[in-house]
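# Have a look at this prediction, sequence included:
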Amino acid sequence: MYLKVFKMSSRQKFIDAAQEGKVLLLQCVKCMEMHTSTTYFCRKCGASKFADNIIDGTGKVATYTIITVPPAGFEEHVPYAFVVMKLDGADQRISGFMGGIATPADLPVGAAVRVYGYDERGLLIKFQ
Amino acid sequence: MESVCVLGAGSTKYGRLDDSIVDITVQASADAIDSAGIEPGDIKAGYISNVFGIADKQVHLGPVIMSNLGISDKPSLSIESACGSGSVSFREAYANVAAGFYDCLLVAGTEKVTHTGTEWTTTYFAYCSDFFHEGSAGVSFPGLFASMARAYLTEFDATEEDFAQVAVKNHNNGILNPKAHLRKKITIDDVMSSAVVASPLKLYDCCPFSDGASAVILCTEEFAKKVGGDYIRVTGSGRGGSPAALQGREHITTIPSTVLASKAAYKMAGITAKDVDFAEVHDCFTIAEVVDTEDLGFFEKGKGVEAVREGKTTLNSDISINPSGGLKSKGHPIGATGVGQVVEVYDQLTDQAGPRTVNDAHIGITHNFGATGASCAVHVFESV
């Protein structure tokens, strides 16, 4: 069977949206299932055509960690948080880097945060 | 389908090893061959699991191992599935014996990373995550499991001391295992006062980076009977998958691949979680063991910590979890771990586990996953 796959990566579009404080979601045009990740096939119906759905990058902290032993390239940022946030505008989560977090008291679960960019630290998140 | 058995098992010590990745793999394989009472020439193919062979300047490990065993004409392959490589390789070997392609296989897992240092290992291990969404934002593997831990602490009646109790329990078991990496008794205070690696996880919540190799001989029951040594049966084999990134999972405190793999393995073996006498589970971090014991069906979701608190998972209690010491104390040479778990089950079910023996055990399982559980395999073993 020949599959008509949309073969262009959506990574750059995801990054471009993040630079504007937005989040690119991919919505399946067949079953309307929403996807956060840069997928090529719908997890629900298997279709391979998606419509871009760009929403505000605001949300609440679902969980996080504070990194004190970092991988290479992140040494100068320690301590910092890796945050998984639940988006306000969709039933989806995204993950990213949040600087300036030293102790759990600095970042309660449920805190209101937003995406504000993308650079060598990945997706950037800060308090609203 | 052929009845498949483990006929022999061998392992190096886990820890910081001086010999090369090739040497340690051959040493474990030779021990397994001796344990099985066979000759290398009896082996029809080799399944080698490894992740970071490149760190010791050797990839394409299969033919190198077979050559060193004097059977360079025998086919081999290398399998990588992050920290779950060993069990995934075991599964593929199992399927080939069950299907009748081979009557006797070598399954060997190996890793050699400690010489590279903490920064290298932390960095390269992070490549096992869904890197675009996770590793690129500076999260380490302790960080990903710490995110799981914080979600668990938020959602359920649990404390960081509960997680620490898992480490204490596994170290108590590991002390009884001469091949364990960290044979040291620790207390809850030791865990709580150890350096924070990724909040809320502290150093003693984390398994060590280890070198090590483990190997087993997998064969048909007919072959095992002909050889005549001690063997155990593989009665269930299950696999599952999860969204690669934590963010994409319905619940952050459940690993879907564990649920899928264990259900499939139990069904194939015709058992339920209640029938399991002991389990070698993937406790790369203390939170992981708590989540595992729930996802494997031993305890209800959110009750895994209560079980730890009440001592239900200690050696020879309700269900012995990680009698070997687990990844936490025995160590975690990531390509070897899944095979090493089978070595422990073989030793347990053939009365070779010494002071850490699980009394009257007939059914043991192995549970091993890759990354944060994006890939997983569960196997059920029964004594003959």
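Sure thing, it's come through.

# A:F82 reaches A:T63, doesn't it?
No: between A:F82 and A:T63 there is no contact under C-beta atoms under 8 Å: 9.5 Å. Quick note: C-beta positions are derived from backbone N, CA and C, even for glycine.

# For the residue nearest the centre of chain A, give me its contacts.
Chain A has A:I94 as the residue nearest its centroid, 3.1 Å off, counting by C-alpha atoms, centre = their mean. When contacts are counted by C-beta atoms under 8 Å, 6 or more residues apart in numbering or on different chains, A:I94 touches A:V23, A:T36, A:G57, A:G59, A:V84, A:M85, A:L87, A:V115, A:L123, B:H133, B:Q247.

# and the gap between the third one and B:D295?
Yep, that's A:G57 we're talking about. Relative to B:D295, A:G57 is positioned 32 Å away (criterion: C-beta to C-beta, to the nearest Å).

# More neighbours: which of the two?
More neighbours surround B:D295 than the other of A:G57 and B:D295, with 29 against 26 (other C-beta atoms under 10 Å in any protein chain shown).

# Helix or strand: which one has the residue lying closest to the more buried one once chain neighbours are set aside?
Spatial nearest neighbour of B:D295, chain neighbours left out: B:T258 (3.9 Å); criterion: C-beta to C-beta, 6 or more residues apart in numbering or on different chains. Following DSSP states H and E, one finds B:T258 within helix B:256-269.

# so for whatever helix or strand comes next after that helix, what's the average pLDDT?
On the C-terminal side of helix B:256-269, the nearest following helix or strand under DSSP H and E is strand B:278-280. Throughout strand B:278-280, pLDDT has a mean value of 98.

# helices and strands around strand B:278-280, which ones?
strand B:320-321, helix B:337-349, strand B:363-370 (3 or more C-beta pairs under 8 Å, 6 or more residues apart in numbering or on different chains; DSSP states H and E).

# Figure out how far that strand is from the centre of its chain.
The chain centre lies 10 Å from the centre of strand B:278-280; the measure is C-alpha atoms, centre = their mean, to the nearest Å.

# before we move on, back to that, format the helices and strands packed on strand B:278-280 as CSV; extra columns: mean pLDDT and mean neighbour count.
Output for the helices and strands packed on strand B:278-280, formatted as CSV (pLDDT from 0 to 100; neighbours: other C-beta atoms under 10 Å in any protein chain shown):
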stretch, mean pLDDT, mean neighbour count
strand B:320-321, 98, 28
helix B:337-349, 98, 29
strand B:363-370, 98, 28
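
# which stretch among the ones you listed comes nearest B:A149?
strand B:363-370 (16.2 Å; C-beta to C-beta).

# Would you work out how far apart the start and end of stretch B:110-122 are?
End-to-end distance of stretch B:110-122 (C-alpha to C-alpha, to the nearest Å): 18 Å.

# ok so, going back, between the helices and strands packed on strand B:278-280, which gets nearest to chain A?
For the helices and strands packed on strand B:278-280, the distance to chain A is smallest for strand B:363-370, at 17.7 Å, taking C-beta to the nearest C-beta.

# For that closest one, which strands pair with it and how are they oriented?
strand B:278-280 (parallel), strand B:375-383 (antiparallel) (DSSP bridges).

# Now tabulate the ones you listed in CSV and tack on mean neighbour count.
Shown next, in CSV, are these (neighbours: other C-beta atoms under 10 Å in any protein chain shown):
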stretch, mean neighbour count
strand B:278-280, 29
strand B:375-383, 26
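
# Helices of the chain, start to end?
By default, I'm working from chain A. If DSSP state H is used as the criterion, the helices of chain A fall at A:11-19.

# That was the other one, I meant chain B.
Under DSSP H, chain B gives helices at B:21-36, B:61-68, B:85-98, B:118-126, B:141-155, B:160-174, B:188-193, B:221-227, B:256-269, B:286-295, B:304-309, B:326-329, B:337-349.

# Thought B:V139 was touching B:Y127, still the case?
No: contact criterion C-beta under 8 Å: B:Y127 and B:V139 do not qualify, at 11.8 Å.

# The two: who's more crowded?
Set B:Y127 next to B:V139 and count neighbours by other C-beta under 10 Å: B:V139 wins out with 33 against 13.

# mind listing what the closest residue to the more buried one other than its chain neighbours touches?
Nearest non-adjacent residue to B:V139, counting by C-beta to C-beta, 6+ apart: A:F82, 3.8 Å away. A:F82 sits next to A:64-65, A:67, A:95-98, B:134, B:137-139, B:143-144, B:147 when contact means C-beta under 8 Å, 6+ apart.

# at 10 Å instead, please
A:63-67, A:74, A:95-98, A:101, A:122, A:125, B:134-135, B:137-140, B:143-144, B:146-147, B:198, B:246 (C-beta atoms under 10 Å, 6 or more residues apart in numbering or on different chains).

# again, but for B:I217
B:I217 touches B:5-10, B:29, B:32-38, B:42-43, B:104-108, B:223-224, B:227, B:229, B:231, B:346, counting by C-beta under 10 Å, 6+ apart.

# is it in a bridge, and if so with what?
Beta bridges link B:I217 to B:G8, B:L106, judged by DSSP bridges.

# where's B:T122 relative to A:V69, distance?
In terms of C-beta to C-beta, B:T122 sits 6 Å off from A:V69.

# Pull up the overlap in contacts between those two.
Here B:T122 and A:V69 have B:S140, B:P142, B:G143, B:V197 as joint contacts, going by C-beta under 10 Å, 6+ apart.

# residues in contact with A:T58?
A:G21, A:K22, A:V23, A:M85, A:L87, A:D88, A:G89, A:A112, A:V113, A:R114, A:V115, A:Q128.

# Give me the pLDDT for whichever residue of the stretch 251-384 of chain B sits closest to chain A.
Going by C-beta to the nearest C-beta, chain A is nearest to B:I252 of the stretch 251-384 of chain B, at 5.8 Å. Per-residue pLDDT puts B:I252 at 98.

# Now do the same contact list for the residue lying closest to it once chain neighbours are set aside.
Spatial nearest neighbour of B:I252, excluding adjacent residues (C-beta to C-beta, 6+ apart): B:A151 at 4.2 Å. By C-beta under 10 Å, 6+ apart, the contact set of B:A151 is A:A62, A:T63, A:Y64, A:V84, A:V109, B:L246, B:H251, B:I252, B:T253, B:I287, B:V291.

# Kindly report the same for B:K225.
By C-beta under 10 Å, 6+ apart, the contact list for B:K225 reads B:C5, B:L7, B:C219, B:Y231, B:V384.

# my read: the second one touches B:C104, true?
In this case it means B:L7. Yes: with contact defined as C-beta atoms under 10 Å, B:L7 counts as touching B:C104 (7.8 Å).

# Show me the common contact partners of the two, please.
Common contact partners of B:L7 and B:C104 (C-beta under 10 Å, 6+ apart): B:A36, B:I38, B:D42, B:I217, B:L218, B:C219, B:T220, B:F223, B:A224, B:V227.

# ChimeraX command to pick out the buried ones of the residues you listed?
Restricted to buried positions by 16 or more other C-beta atoms under 10 Å in any protein chain shown, the ChimeraX selection for the shared contacts of B:L7 and B:C104 reads:
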select /B:36,38,42,217,218,219,220,223,224,227
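
# could you give the angle of the lowest-mean-pLDDT helix or strand in chain B to helix B:141-155?
Within chain B, no helix or strand scores below helix B:118-126, which has a mean of 90 by mean pLDDT, DSSP states H and E. Following axes from the mean of the first three to the mean of the last three C-alpha atoms, to 10 degrees, one obtains 70 degrees for the angle between helix B:118-126 and helix B:141-155.

# and the nearest residue to B:L182 once chain neighbours are set aside, how many residues sit next to it?
Closest residue to B:L182 apart from its sequence neighbours, by C-beta to C-beta, 6+ apart: B:S329 at 4.9 Å. Residues near B:S329, counting by other C-beta under 10 Å, number 29.
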